[in-house]
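Trainee: Sequence first, predicted model second:
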Amino acid sequence: MAQSFAHLLKPGRIGAMELRNRIFMTPMGSNLADEDGVTGDRLRAYYVERAKGGTALITMGSVSIGYPEGSGNWRNEAIADDRHIPGIRALADELHSHGAKLAVQLQHAGLVAMNDMRDGRPLWTPSEPLIGKDSGDMMDGFLEEEYRIFTAPMAAMGEIRYRVMTAQDIEELVQMFASAAVRAVSAGVDAIELHAGHGYLISSFLNPLINRRTDDYGGSIENRARLLCDIIRGVKKAVGSNVPVWPRLDSQHFLIDGGVTVEDAIVTARLAAEAGADAIHVTADGHPGRGATYSTGHATDNRNAFVPAAARIRAAAGVPVICPGRIEPADADRFIADGKLDFVTMGRKLLADPHLPAKLAAGKPESVRPCIYCYTCISQIFFSRPVKCAVNAETGFERERALTSVEKPKHVAVVGGGPAGMETARRLAKKGHRVTLLEMSNRLGGTARFASIAYAPNQGIVDWLKHELAGSGVAIRLGTRATPELLRSLNIDEVVVATGAKRAMPPIPGADLPHVFSGDDMRRLMLGLDLDTLTDKTDWTTRTAMKLGALTGLTARPAFIRAASEYWMPFGGRVAIIGGELVGLELAEFLAKRGRKVTVLDDAAKFGAGLQVVRRWRVLDEIRELGVTLLPEAHDVEILEGQVRYTNPNGQQRTIAADQVIVAKGATGDESLADELRAAGFTVHTAGDCTGVGYIEGAMHDAAELAGRI
């Protein structure tokens, strides 16, 4: 029987505000506002799509109360002046027309007020900070070009100055929050959230690592929470008792000692409730200079990470608790039923599929497009770019990439059944075209099937695309090679080539030795394909086992391969991987978790190209914990029997032992089929890795752009 999600979809209430279900959109910075902090058409379309999809409460993230003073990003949403009211009024009206409520998350960015840094204003703070973003490994994780982009604004700032807040400054801040709340309510906003987490100004007062004051706003947790309570009382007095007001609080600080603990958060939540807070929104933070903070606190990579703290806070504060933290709908339903939390916020999930609540309500959870937790969305903020999603190319482009029916449908052949081909076919069919998808192998998924073995979330988007195609009307022909003759016989009007990259072995001395595996060799081995090509690299037992797996369909299931490889793999104890980009690092993590001693070499100075920066920070942190050795700037690599020889950055020749060597580089675009079909007279388009390696994000965005043009 399909799950009903009865508790998750049940109406709820915070104060006087009634809500159609328990699913909220997590407040997130988007960089989609117009100039000067104004809520314009692009930002409105972004939020409205989530309201259309059934979300109960849309919370505008990080809305500046003093823009540009105290604002965090170049296109920060704002409610600092009456000029900001009309845009928010238009948003509120449209959200209400779709049955959703609107909250604004009021924010003063404090120590991370980028616009203040840029314009030379001092940063407001309870005390001068002792740690910052340059105090950990965060900067080391940027690629060279990313580092230039990230630090470019700082280079023009000069020395950062601080303003340790006086009692008069605190009174002014309380009034700024109250005035912003009044403007918001006059614009039709239903609720007010106060951002008291993530290193912003209020959280700086709550954080004992930053707040070293000796007056009434420092010292004990009661004193450190005083500013928050003053703001709650000030806002409640300004907007009246019918408007719900609550803070977003760090439940704990990860990856650093001496910060906020769960016990601190419980006391703060209780004090906030006593001051008039109608709910508590739980979150977490961490070391500001550790890259892993941004996927441990903030947008955690760990399922249900904040639920235990939320349950304790709920029991102590006696008000409804709102909780994020990679909570799957089934888990959320159970936690609500068990009384651990009252509402769940979804950020990445609603970026991936804005219609998630409506699909759950319709009894179609399998049609929800899954987040693959690649951190494309969050990584954008570090480079002052608008939000986007790897698996949903319409996020942030709701107007530009909306699918509209065509007046004159065509018969389009899509060649290639990987993510780019499947998504192109799906989108073209939704526009009304007749689509035939041709895939040379006997299964859909392309190289994403292999990528799903090392990184399980990738399987979700492959499965979703297959599910969507099954009901789309697309004609799927597996085991079929696209030839000019076939395409003519099908009366094709236009062709999309999405055949993926070619993977040539780089010219590495010794690459032809039997213990060396290319990327294609690994794919064949793990999926049980064309195993006869590996006779010199594997023994009879291995090939027989993998052939049996292929015949029974087991090797077509990445989850089975992941589980089975925990117990048996045809590799020795020492593996060298040549190539430190996305594929190499994912393989390194996969093998290290299975007990192999892994060394990764690359001639690049930085590892992790192809991974979005927030996920790269996490992967680099995890593989170091697993004991993987990284050798950057390794030149003159040569593969020998049982070892790999290289020259280090100091010009010294070194060797490492290796039972197997995996070459995880050499993939390039391949438009040879597209060129052949063009020469045969067809109108041909290209998408995905055949145009250059762009992984799942590149595939999905190429598909959206291309489908919009046909």
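Mentor: In hand now; what should we look at?
Trainee: For stretch 87-94, which residues meet the burial criterion?
Mentor: Across stretch 87-94, burial judged by 16 or more other CB atoms under 10 Å covers 87, 88, 89, 90, 91, 92, 94. (C-beta placed from N, C-alpha, C; glycine too.)
Trainee: and if you look at stretch 700-710?
Mentor: Buried residues in stretch 700-710 (16+ other CB under 10 Å): 700, 701, 702, 703, 704, 705, 706, 707, 708, 710.
Trainee: Please produce JSON lines containing those, extended by pLDDT.
Mentor: Shown next, in JSON lines, are the buried residues of stretch 700-710 (pLDDT from 0 to 100):
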{"residue": "700", "pLDDT": "96"}
{"residue": "701", "pLDDT": "96"}
{"residue": "702", "pLDDT": "95"}
{"residue": "703", "pLDDT": "96"}
{"residue": "704", "pLDDT": "96"}
{"residue": "705", "pLDDT": "95"}
{"residue": "706", "pLDDT": "95"}
{"residue": "707", "pLDDT": "94"}
{"residue": "708", "pLDDT": "94"}
{"residue": "710", "pLDDT": "93"}
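Trainee: Please tabulate those in CSV, including the columns secondary structure and distance to residue 648.
Mentor: Below are the buried residues of stretch 700-710 laid out as CSV (DSSP: H, G, I helix; E, B strand; the rest coil; distance: CB to CB, whole Å):
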residue, secondary structure, distance to residue 648
700, helix, 39
701, helix, 38
702, helix, 38
703, helix, 42
704, helix, 44
705, helix, 43
706, helix, 44
707, helix, 48
708, helix, 48
710, coil, 51
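Trainee: Make a markdown table out of the buried residues of stretch 87-94 and add secondary structure and pLDDT.
Mentor: Output for the buried residues of stretch 87-94, formatted as a markdown table (DSSP: H, G, I helix; E, B strand; the rest coil; pLDDT from 0 to 100):
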| residue | secondary structure | pLDDT |
| --- | --- | --- |
| 87 | helix | 98 |
| 88 | helix | 98 |
| 89 | helix | 98 |
| 90 | helix | 98 |
| 91 | helix | 98 |
| 92 | helix | 98 |
| 94 | helix | 98 |
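Trainee: so residue 660 bridges to which residues?
Mentor: Per DSSP bridges, the residues bridged to residue 660 are residue 575.
Trainee: wait, it sits on residue 517?
Mentor: Yes: using CB atoms under 8 Å, residue 660 is in contact with residue 517, at 6.5 Å.
Trainee: Between those two, which is the more surrounded one?
Mentor: residue 517 (24 against 20; other CB atoms under 10 Å).
Trainee: Now do the SS call for that one.
Mentor: Following DSSP: H, G, I helix; E, B strand; the rest coil, residue 517 is assigned to strand.
Trainee: Using the three-state scheme, assign the nearest residue to it once chain neighbours are set aside.
Mentor: Nearest residue to residue 517, sequence neighbours excluded (CB to CB, 6 or more residues apart in numbering): residue 662, at 4.9 Å. What three-state DSSP gives for residue 662 is strand.
Trainee: Near residue 662, how many residues? Count them for me, please.
Mentor: 26.
Trainee: so who does it touch?
Mentor: For residue 662, the contacting residues are 516, 517, 518, 519, 522, 575, 576, 577, 578, 584, 587, by CB atoms under 8 Å, 6 or more residues apart in numbering.
Trainee: Surely the fifth one and residue 584 touch.
Mentor: Put plainly, it is residue 522. No: contact criterion CB under 8 Å: residue 522 and residue 584 do not qualify, at 11.0 Å.
Trainee: Pick out whichever of the two has more residues nearby.
Mentor: More neighbours surround residue 584 than the other of residue 522 and residue 584, with 26 against 20 (other CB under 10 Å).
Trainee: was I right about that one contacting residue 577?
Mentor: Yes: counting by CB under 8 Å, residue 584 touches residue 577, with 4.9 Å between them.
Trainee: how far does stretch 13-20 sit from the chain's center?
Mentor: 29 Å (CA atoms, centre = their mean, to the nearest Å).
Trainee: Which positions within that stretch qualify as buried?
Mentor: Those buried within stretch 13-20 under the rule 16+ other CB under 10 Å are 14, 15, 17, 19, 20.
Trainee: So which of those residues belong to strands?
Mentor: 14, 17, 19 (DSSP state E).
Trainee: can you redo those as JSON lines with distance to residue 570?
Mentor: Shown next, in JSON lines, are these (distance: CB to CB, whole Å):
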{"residue": "14", "distance to residue 570": "56"}
{"residue": "17", "distance to residue 570": "59"}
{"residue": "19", "distance to residue 570": "54"}
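Trainee: Show me the helices in the stretch 501-650 of the chain, by range?
Mentor: With DSSP state H, counting those that start in this stretch as the criterion, the stretch 501-650 of the chain has helices at 519-527, 540-552, 558-564, 582-592, 613-625.
Trainee: list the helices and strands the third one packs on?
Mentor: Using 3 or more CB pairs under 8 Å, 6 or more residues apart in numbering; DSSP states H and E as the contact definition, the elements that helix 558-564 packs against are helix 447-454.
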